[in-house]
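[1] sequence plus predicted model, see below.
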Number of protein chains: 2
Amino acid sequence: MNITLRQLRAFLAVSQHRGFARAGEHVGLTQPAISRRIRELEDNLGVRLLDRTTREVALTATGQRLAGELARVLETLDTLLAETRQAGEQARGTVRVASSPTLSASLMPACLADCGQQYPQVRLQIVDQVQRLNLDSVQSGEVDFGLVVDPQSPPGLDGVSVGSDPFVLVLPASHPLAAQASVGWAQLAAQPLVLLDGNSGSRALIDQALAQHGVSGEVVQALGHSTAVFRVVEAGIGISVSPQLALPLPAGSTLVVRPLLPEVRRQVMLVRRSGRSLSPVAEKVWQLMQATLGGLLSGNG
Amino acid sequence: MNITLRQLRAFLAVSQHRGFARAGEHVGLTQPAISRRIRELEDNLGVRLLDRTTREVALTATGQRLAGELARVLETLDTLLAETRQAGEQARGTVRVASSPTLSASLMPACLADCGQQYPQVRLQIVDQVQRLNLDSVQSGEVDFGLVVDPQSPPGLDGVSVGSDPFVLVLPASHPLAAQASVGWAQLAAQPLVLLDGNSGSRALIDQALAQHGVSGEVVQALGHSTAVFRVVEAGIGISVSPQLALPLPAGSTLVVRPLLPEVRRQVMLVRRSGRSLSPVAEKVWQLMQATLGGLLSGNG
DNA sequence: GATATTCATGGCAATTTTTTATCAATCAAT
DNA sequence: ATTGATTGATAAAAAATTGCCATGAATATC
């Protein structure tokens, strides 16, 4: 009872090739199949579209009008479908990735490079924000996905770990602890600490690690960005626990770096909305970044 | 491998009703059927169109673009198909009917009246020509069909008889033969005859009837229209054999009419191109005229 | 007339499609 | 927490469709 595209396509083929058998060849069907489809279409429409004598096929007035319009409509439809198909294959367009400040500086450049090489048509745009905002941006769909640090139980987000990054101690070369090759977390007790502030994804992890080792460090300064933290430490205000990825230190710095034992690592993760799929392009970039970051961080610990 | 309208319609329904089961209700299918169609469509396109969580269905970016465009395209298509369907049901438009002069005056007025009453939206246009031209016009498709007189073996035309019409003798009241209640064909021998000319459909029949009765009437005048014939007869130039339908005689005429025995009738026929269908409107008018003329001519003989 | 070409038709097989149950996952409310 | 309701996915059986083959019927051409 319903008109199908195949009936319409058969009709167009017949009207173009002026013959059922010829139309069949072009469509890949036998003549009886065409015959039936045309009859079905005519029955469905309640109108005779083709006058068939045994010698030739001619469009009726109604058929003529239909054929003309139909050709346009079907072409539009085919174009639309082809475009949709391409959307899945084509790697082009813009992908927005939210990234935490430290990671934007340390990991994203390599991703940008790889992406530019692999998918020249893709514009990979970094949205550099503090972790809390990043998660919101991913959740709201404002960005395609995010590169963040160990978000505990992300609400409505799916994440995959791409590697981990240890925390290290950053302190002036003149500091007593700098004499050791490595420093234990417990030794940080009573030390004045300069840390990233609570908007950073790492801060909660650092606090947790300190608490775990019974240390209630005195945080004398909390800052938004590692660069600022290093400056303050350099000024002798205190010492800092920093993600290794925040290194290297600025050139000419008088600071030194020491491993913190036992090693505490933060997970670096890619996160996306759960239950929602990425756009085809974003999916490709997601895969690419997973590979790129896996390579980078495996070498890193 | 081929995308069907049903898949596309299912997709649109889902995108509108935000749910497979709800979409199914509106389309008249069960939920699994919808589920399958959507999957087929996505497989065919190679793109995910809908993100389904167990709680809600959301369009992907690709799906969103497709849904918007598709709604327009399918609406266009549906409109086109509806129009085509209507073309078959709707009785409106112009129908051109070729008609021989005598018939245009005698039979067509009733047809015009009936048609105007039955199908007010239809414009029934009479193409009043001599028979020969009428047949050509029908053949070429210049008119939808024709109302003609007994065309022997019409080439490429199909005809149906709608009745017949006897030939009668028309002559001055003062003529010797006018004294008889009826006249035999044989009595026309040696009479000067005023007849319709060869372009008329009746002329060949009259000649044939005369020959059949061994009469080689002397045709002193051949004219194109019955009105002219009557005038010439009235002028005393000769007597005439005329189709009864050419009557009544002009008011105030001094002529009289006598039956010709044995009765010879001409067939009145509707003719159309063989192998070609009429437009839906023309088909309706064809049917109507067949009925109307059948009624008129059955009363007539 | 005989032949060739063209569309229509009936029967049978294969494929496709739909439905009927069922499952699995999630959200909401007790 | 557990339960209940809602939603989409899945498997198997049933129903419908679709295709091809072998014909038939009509007509134009030689």
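    Thanks, I have it. Nothing here was measured: the structure is a model prediction, and the numbers come from that model.

[2] unless I'm mixing things up, A:V241 is touching A:L193, no?
    Yes: with contacts counted by CB atoms under 8 Å, A:V241 reaches A:L193, the gap being 6.9 Å. The way it works is simple: take the backbone N, C-alpha and C, and place the C-beta from them, glycine included.

[3] more crowded one of those two?
    A:V241 (28 against 20; other CB atoms under 10 Å in any protein chain shown).

[4] A:L59: neighbour count?
    With other CB under 10 Å as criterion, A:L59 counts 18.

[5] now do the longest helix seen in chain A: which elements does it pack against?
    If each helix of chain A is counted by residues according to DSSP state H, the longest one is helix A:61-89. The elements that helix A:61-89 packs onto, with contact taken as 3 or more CB pairs under 8 Å, 6 or more residues apart in numbering or on different chains; DSSP states H and E, are helix A:5-17, helix A:280-300, helix B:31-45, helix B:61-89.

[6] quick one: is the next helix or strand after the third one near DNA strand C?
    This means helix B:31-45. Proceeding N to C from helix B:31-45, the next assigned helix or strand is strand B:50-52, under DSSP states H and E. No: contact of strand B:50-52 with DNA strand C (CB under 7 Å from any atom of the strand) is absent, the minimum separation being 10.3 Å.

[7] domains in chain A, by residue range?
    A:5-89, A:93-162+A:268-300, A:165-266 (automatic domain parsing).

[8] so for the longest helix of chain A, mean pLDDT?
    When the per-residue pLDDT values of helix A:61-89 are averaged, the result is 89.

[9] residue ranges with poor pLDDT in the stretch 1-150 of chain A?
    Across the stretch 1-150 of chain A, residues meeting the criterion (pLDDT under 70) sit at A:1.

[10] for DNA strand D, what are the nearby residues on it?
    A:1, A:4, A:6, A:28-30, A:32-33, A:36-37, A:40, A:53-55.

[11] of those residues, just the buried ones, ChimeraX syntax please.
    Paste this into ChimeraX to select the buried members of those, with burial taken from 16 or more other CB atoms under 10 Å in any protein chain shown:
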select /A:4,6,29,37,40
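
[12] ok, the residues of the stretch 1-150 of chain A next to DNA strand D vs A:R85, which is closest?
    Taking CB to CB as the measure, A:R85 lies nearest A:R6 of these, at 18.9 Å.

[13] the closest one reaches A:R36, doesn't it?
    No: here A:R6 lies out of contact with A:R36, judged by CB under 8 Å, at a distance of 10.8 Å.

[14] save the domains of chain A as JSON lines, and put in distance to B:D144 too.
    As requested, those are arranged in JSON lines below (distance: least, CB to CB, whole Å):
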{"stretch": "domain A:5-89", "distance to B:D144": "10"}
{"stretch": "domain A:93-162+A:268-300", "distance to B:D144": "55"}
{"stretch": "domain A:165-266", "distance to B:D144": "81"}
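
[15] ok, A:H213 - how many residues close by?
    The tally of other residues near A:H213 (other CB under 10 Å) stands at 16.

[16] do the same with A:A173
    Taking other CB under 10 Å as the criterion, the count of residues near A:A173 is 10.

[17] could you check the pLDDT of it?
    According to the per-residue confidence, A:A173 scores 86 in pLDDT.

[18] from A:R65, how far out is A:Q7?
    Counting by CB to CB, to the nearest Å, the gap from A:Q7 to A:R65 is 17 Å.
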